[in-house]
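K.L.:
Got a predicted structure plus its sequence, pasted below:
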Amino acid sequence: MASTTTPIVPLPFPTYFTALSAVYAKQTGNTTRNIFAATLPDITALAPITPTSTIHDNAAGPGTATSVLVDPHLGLLPESPSSILVTDNVAAMVSAARDSFASLHRPNVTVQELDSLSLSTVPDSSITHSILNFSIFTMADPLKCLQETRRTLASDGGIAALLTWRRWGAGEIVHAAQRIVRPDLPVMKIPGREFMDEGVLEKLTVEAGFERTKITVLEKTLLVKEDGEEMAGLKEFLVGVATGPAKIGWTEEEAARWPEAVEQAVRDEVRVHGGVLFQAWVVLARK
């Protein structure tokens with residue numbers, strides 16, 4: 001990561017998520033899906049999912065966490081919940097989620113366009129499991145988001161599952177590739193960089209009203225290996241339009257070197273870590 005004194009260039013929101021909606025799973029290398037899948041047993045150990053559970057997949061993108069919950073091949077849920085509400089405030093993401101779950105014929109899944117800072121259609125204490133899967137760092141007001149999450153949670157043991165990056169491997173590749181071509185220019189800003197620091201999300205969760213004694217903090221690690229579809233999808237993202245801000249101020253000749261710089265950065269990462277390394281913080285907060 002760049003130091004805090006390094007100039008940064010922002011990633012464009014919400015344009016970024018609109019463009020990503022149709023290819024989210026592929027171009028994230030399935031990282032957010034796989035890390036959530038690895039976290040689900042930890043969630044259900046604290047708060048089992050039963051036929052009477054009501055789940056909110058909040059700021060869900062195309063419904064990544066829900067795709068894990070309804071996947072029978074994973075066999076992670078002993079019993080199906082009575083309802084899953086999938087919400088996001090980006091229309092393209094909502095459309096992608098709606099199309100996905102309609103094709104799966106899942107009547108217990110409802111998809112709505114809804115702002116996480118004002119969950120106006122979600123009643124107090126109505127949700128048993130609230131999920132924010134790698135989205136809290138995109139919020140304009142993360143504290144308000146967590147306060148709304150807490151308001152909607154059931155008072156008798158409702159649980160919030162909050163996942164955020166500790167190390168976003170894709171960002172590390174972008175920065176490394178930038179330094180290969182133009183080390184003198186600003187690196188692209190990583191959204192929510194402050195949430196990568198230990199204790200930041202936990203502290204904010206307490207500030208939102210959760211009791212510290214009812215919070216569990218976990219760490220998850222995932223490697224995207226050199227060969228395979230997941231690495232191919234990740235590389236598509238790294239050379240695609242979403243990384244355009246990484247090349248601000250470059251000449252056409254320098255920009256033409258970007259794909260090879262990405263390849264070199266990936267090779268260097270694989271040599272050090274055995275793949276592109278992603279690490280996550282998981283905060284499980286009970287009400």
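P.N.:
Yes, it's here. Numbering: from 1, shown residues only.
K.L.:
on contacts alone, who are the packing partners of the helix or strand hosting Leu146?
P.N.:
Per DSSP states H and E, Leu146 falls inside helix 142-152. On a contact count with 3 or more CB pairs under 8 Å, 6 or more residues apart in numbering; DSSP states H and E, helix 142-152 meets strand 54-58, strand 129-133, strand 159-167, helix 200-207. Glycine gets a C-beta too; all of them are placed from N, C-alpha and C.
K.L.:
Check the offset of the third one from the chain's centre.
P.N.:
Just to be clear, that refers to strand 159-167. 8 Å (CA atoms, centre = their mean, to the nearest Å).
K.L.:
Tell me the helix or strand right after it.
P.N.:
Beyond strand 159-167 toward the C-terminal end (DSSP H and E), the next one is helix 169-181.
K.L.:
closest one to Val270 among the helices and strands packed on helix 142-152?
P.N.:
Smallest distance to Val270 across the helices and strands packed on helix 142-152 (CB to CB): 15.1 Å, for strand 159-167.
K.L.:
Which parts of that closest one count as buried, going by neighbours?
P.N.:
Buried residues in strand 159-167, defined by neighbour count with 16 or more other CB atoms under 10 Å: 159-166.
K.L.:
how about JSON lines for these, with pLDDT added?
P.N.:
Compiled in JSON lines, these are given as follows (pLDDT from 0 to 100):
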{"residue": "Ile159", "pLDDT": "98"}
{"residue": "Ala160", "pLDDT": "98"}
{"residue": "Ala161", "pLDDT": "98"}
{"residue": "Leu162", "pLDDT": "98"}
{"residue": "Leu163", "pLDDT": "98"}
{"residue": "Thr164", "pLDDT": "98"}
{"residue": "Trp165", "pLDDT": "97"}
{"residue": "Arg166", "pLDDT": "98"}
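K.L.:
Would you reformat the helices and strands packed on helix 142-152 as CSV and include distance to Asp42?
P.N.:
Output for those, formatted as CSV (distance: least, CB to CB, whole Å):
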stretch, distance to Asp42
strand 54-58, 15
strand 129-133, 12
strand 159-167, 8
helix 200-207, 15
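K.L.:
Run the chain-centre distance for the helix holding Leu146.
P.N.:
The answer for helix 142-152 is 17 Å, by CA atoms, centre = their mean.
K.L.:
For the spatially closest residue to Gly29 that is not a sequence neighbour, give me its contacts.
P.N.:
Closest residue in space to Gly29, ignoring its immediate chain neighbours: Leu234 at 3.7 Å, by CB to CB, 6 or more residues apart in numbering. Neighbouring residues of Leu234 by CB atoms under 8 Å, 6 or more residues apart in numbering: 27-29, 31, 170, 224, 276.
K.L.:
Quick check: the gap between the residue nearest to the spatial centre of the chain and Gly192.
P.N.:
The chain has Phe134 as the residue nearest its centroid, 2.3 Å off, counting by CA atoms, centre = their mean. Computed as CB to CB, to the nearest Å, the Phe134 to Gly192 distance reads 9 Å.
K.L.:
likewise Lys214?
P.N.:
24 Å.
K.L.:
Show me which of those two is the more surrounded one.
P.N.:
A direct count of neighbours by other CB atoms under 10 Å for Lys214 and Gly192 places Gly192 higher, at 19 against 15.
K.L.:
Which parts of the stretch 151-287 of the chain are helices?
P.N.:
169-181, 200-207, 229-238, 252-256, 258-273 (DSSP state H, counting those that start in this stretch).
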